[in-house]
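**Q** Just to be clear, the model below is a prediction. Sequence and coordinates:
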Amino acid sequence: MLDGPDRAPSRAMLYAVGFKKEDFSKPNIGIASTWSQVTPCNIHIDRLAKESAKGADAAGGKSVIFNTITISDGISMGTEGMKYSLVSREVIADSIETVVGCEGMDGFVAIGGCDKNMPACVMAMARMNRPSVFVYGGTILPGCATIKGEERDLDIVSVFEAVGKHAAGEYSDEELETVESCAIPGEGSCGGMYTANTMASAIEALGMSLPNSSAQAAVSEDKMRDCFDAGAAVMNMIRSGIKPRDIMTRRAFENAITVVIALGGSTNAVLHLLAMAHAAEVELSIDDFTEIGKRVPLLADLKPSGKYSMAALVKIGGTVPLLRILLEAGLLHGDCLTVTGKTLAENLANSPLRYPEDQQIIRPLDNPIKKDSHLRILYGNLAPGGAVAKITGKEGEAFTGRARVFDSEDEGMKAILGGEIVDGDVIVIRREGPKGGPGMREMLGPTSAIMGRGLGKTVALITDGRFSGGSHGFVVGHITPEAHDGGPIGLLVEGDVITIDAANNTISVDVDEDAMKARRENWTQPPPRYTRGVLAKFAKLTTSASEGAVTDKYL
């Protein structure tokens, strides 16, 4: 790209952006920044990108910072705008690939903070297969407010649940305003084991970020050092000849799944790890989550189903001690290579970190919260292609109820807030799948409203859409085939009896085959909701949720 007399025009362009003559002989290191003012998750990433650039330069490279987009799930949740969320994962991966490929960069650091830009960064790394390191922007600190005379730690889910409490009359207008104005105190990603912290932990376990990158506060000095070190690490990978696909092996993805389960991570991890594996050309399926889940316990008492925030886990040592526990128990592959140039086992052997004896956040292996995975892959006549549930056991492991059918999230949310949902109902929200939505909206609004109205243990919700990492309760998403493709969820009617069995991993409707066949014969596919632009392109190209909802599988 820059060598030889014929590349003089290229060098001329770069003189104008700050290159000096000696820089043309150095490795060109991109710094992919997801900075924007769109969301607190990413508001600080320009500062982090500059620090990574310093690290790359100090190690002998020449850094070039460039931006890509990000969107905010938290702001767009429950609106038409949320349909762009999953779509943005593909746009971000495409854009990083485009810049790195076009500019001939020798390696890059990618820094992400909100849910979709994190797997997108790793997808671009896998596609390009050039030395690269992911940096997590870091977790937010908890908000704090006094509600009804009690001081409480708050986060974004507190606000969503406060909406339900307000609808039920438990919170006044003033109390709702107090929660919304105090829940988000500053920079960083949503503070529980929601999707951002889940994916950061998974990427670290995968070997694509530096040790403990996933468990640092956004505003900490540790995070600044992590960024500097990441820039230097890319240069070390270049010198050592290490590329992402050397790291992103099948065994590394098994490590990522193991850590997601132990931490009680988001159902979105299923969708994103499948997409990341596809980009790396690694065979991975939803059934692998079941097999690994049989031997891996849920250990972390973290929000949304648990008590503690990610900031609390950071205080006791972060993710490294957990990785050590899992490795010593034989639950991780210690021989997997990482971006440090060392194996996972070597990284852990060099770390002195262990949890304090009196901590309550990470349970011991012999006293887990749940002896096997909370992520359940369900099959049955309602989901012949699979579905994903998040069942910690606190909700129970089985639910049977009457179908309440809604053809959009908006209709379902209106019914919940309007008091139309009662004990024993199974809320069915359909036509929200990858194609039908399009874009597979997250149902944090409905699930939080259910919790806020005190129905968390008496009502279930199923959808061909998906859930935020902040969702909890008896919920099943990613139902495949989706309604838009004629899946059984699109054939349900009011009053159908639905059974969810998370012990036997089944989801079924009590309708015989002949009756379902008659419904199918009377079904016609609805027209696409979008016929132009990025949503239409996504709907046309996407695979099913059970295949990661990727857009380049059948090209």
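**A** Structure received. Numbers count the residues shown, from 1 in each chain.
**Q** Looks to me like residue 479 is in a strand.
**A** Yes: counting by DSSP: H, G, I helix; E, B strand; the rest coil, residue 479 falls inside a strand.
**Q** starting at the chain centroid, how far to the host helix or strand of residue 254?
**A** Here residue 254 is covered by helix 250-263, with elements defined by DSSP states H and E. Helix 250-263 sits 14 Å away from the centroid of its parent chain (C-alpha atoms, centre = their mean, to the nearest Å).
**Q** Tell me the buried residues in that helix?
**A** Of all the residues in helix 250-263, those buried under the rule 16 or more other C-beta atoms under 10 Å are 251-263. From N, CA and C alone the C-beta is placed, and that goes for glycine too.
**Q** Alpha carbons of the helix or strand just after it, as CSV, please.
**A** Proceeding N to C from helix 250-263, the next assigned helix or strand is helix 268-279, under DSSP H and E. The C-alpha trace of helix 268-279 is given here as CSV (Å, rounded to 0.1, in the frame of the first residue of the first chain):
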residue,chain,number,x,y,z
ASN,A,268,-27.8,-12.7,23.2
ALA,A,269,-24.5,-14.6,23.7
VAL,A,270,-26.0,-17.5,21.8
LEU,A,271,-26.8,-15.3,18.8
HIS,A,272,-23.5,-13.5,18.8
LEU,A,273,-21.2,-16.4,19.5
LEU,A,274,-22.8,-18.2,16.6
ALA,A,275,-22.2,-15.2,14.4
MET,A,276,-18.6,-14.8,15.5
ALA,A,277,-17.9,-18.5,14.9
HIS,A,278,-19.4,-18.2,11.4
ALA,A,279,-17.1,-15.3,10.7
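**Q** Which strands and helices lie in contact with the helix or strand following helix 268-279?
**A** As assigned by DSSP H and E, the chain's next helix or strand after helix 268-279 is helix 286-293. Secondary-structure packing of helix 286-293 (3 or more C-beta pairs under 8 Å, 6 or more residues apart in numbering; DSSP states H and E): helix 250-263, helix 268-279, strand 375-380.
**Q** how distant is whichever helix or strand comes after helix 286-293 from the center of its chain?
**A** The element immediately downstream of helix 286-293 (helix or strand, assigned by DSSP H and E) is helix 310-315. Centroid separation between helix 310-315 and its chain, computed with C-alpha atoms, centre = their mean, is 18 Å.
**Q** For helix 310-315, what does the pLDDT average out to?
**A** With pLDDT averaged residue by residue, helix 310-315 scores 97.
**Q** again, but for stretch 115-133
**A** Averaging pLDDT along stretch 115-133 yields 97.
**Q** From residue 11, how far out is the residue of the chain positioned farthest from its centre?
**A** Distance to the chain centre peaks in the chain at residue 5, reaching 46.3 Å (criterion: C-alpha atoms, centre = their mean). Remark: distance between residue 5 and residue 11 (C-beta to C-beta, to the nearest Å) = 10 Å.
**Q** Please apply the same query to residue 222.
**A** The value you get for residue 222 to residue 11, if C-beta to C-beta is used, is 38 Å.
**Q** May I have the secondary structure class of residue 358?
**A** Once three-state DSSP is applied, residue 358 turns out coil.
**Q** Verify the stated contact: residue 100 with residue 127.
**A** No: assessed by C-beta atoms under 8 Å, residue 100 is found out of contact with residue 127, at 9.1 Å.
**Q** Among the two, which residue is more densely surrounded?
**A** Using other C-beta atoms under 10 Å, the more surrounded residue of residue 100 and residue 127 is residue 100, with 24 against 21.
**Q** List the residues that contact the residue sitting nearest the centre point of the chain.
**A** Central residue of the chain (C-alpha atoms, centre = their mean): residue 195, 3.5 Å from the mean position. Contacts here follow C-beta atoms under 8 Å, 6 or more residues apart in numbering; on that basis residue 195 touches 73, 115, 266, 268, 269, 468, 469.
**Q** Save the helices and strands packed on helix 286-293 as a markdown table, and put in distance to residue 461 and mean pLDDT too.
**A** What follows is those, written out as a markdown table (distance: least, C-beta to C-beta, whole Å; pLDDT from 0 to 100):
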| stretch | distance to residue 461 | mean pLDDT |
| --- | --- | --- |
| helix 250-263 | 22 | 98 |
| helix 268-279 | 16 | 98 |
| strand 375-380 | 14 | 98 |
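**Q** hey, where'd the strands end up in this protein?
**A** Under the criterion DSSP state E, the chain contains strands at 28-33, 62-67, 107-112, 132-136, 143-147, 150-154, 375-380, 383-390, 398-406, 425-429, 460-463, 474-480, 497-501, 506-509.
**Q** Return the most buried member of those.
**A** Ranked by mean neighbour count under mean count of other C-beta atoms under 10 Å, these are led by strand 132-136, which reaches a mean of 32.
**Q** what are the pairing partners of that strand, and which direction each?
**A** strand 107-112 (parallel) (DSSP bridges).
**Q** Low-confidence ranges, this protein, go.
**A** By pLDDT under 70, the chain contains no weakly predicted segment.
**Q** who touches residue 473 in this structure?
**A** 395, 447, 450, 451, 456, 457, 459, 460, 461.
**Q** cool, residue 297 as well?
**A** By C-beta under 8 Å, 6+ apart, the neighbours of residue 297 are 261, 262, 365, 368, 369, 370, 371, 372.
**Q** which of those are buried?
**A** For the contacts of residue 297, buried by 16+ other C-beta under 10 Å: 261, 262, 365, 368, 369, 370, 372.
**Q** so what's the third one up against?
**A** Contacts for residue 365 (C-beta under 8 Å, 6+ apart) come out as 297, 299, 325, 329.
**Q** Redo those residues as JSON lines? Include distance to residue 510.
**A** Putting the contacts of residue 365 into JSON lines (distance: C-beta to C-beta, whole Å) gives the following:
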{"residue": "297", "distance to residue 510": "33"}
{"residue": "299", "distance to residue 510": "36"}
{"residue": "325", "distance to residue 510": "43"}
{"residue": "329", "distance to residue 510": "41"}
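**Q** List only those of those flagged as buried.
**A** 297, 299, 325.
**Q** now, which of those sits nearest residue 62?
**A** residue 325 (40.8 Å; C-beta to C-beta).
**Q** Much appreciated, bye for now.
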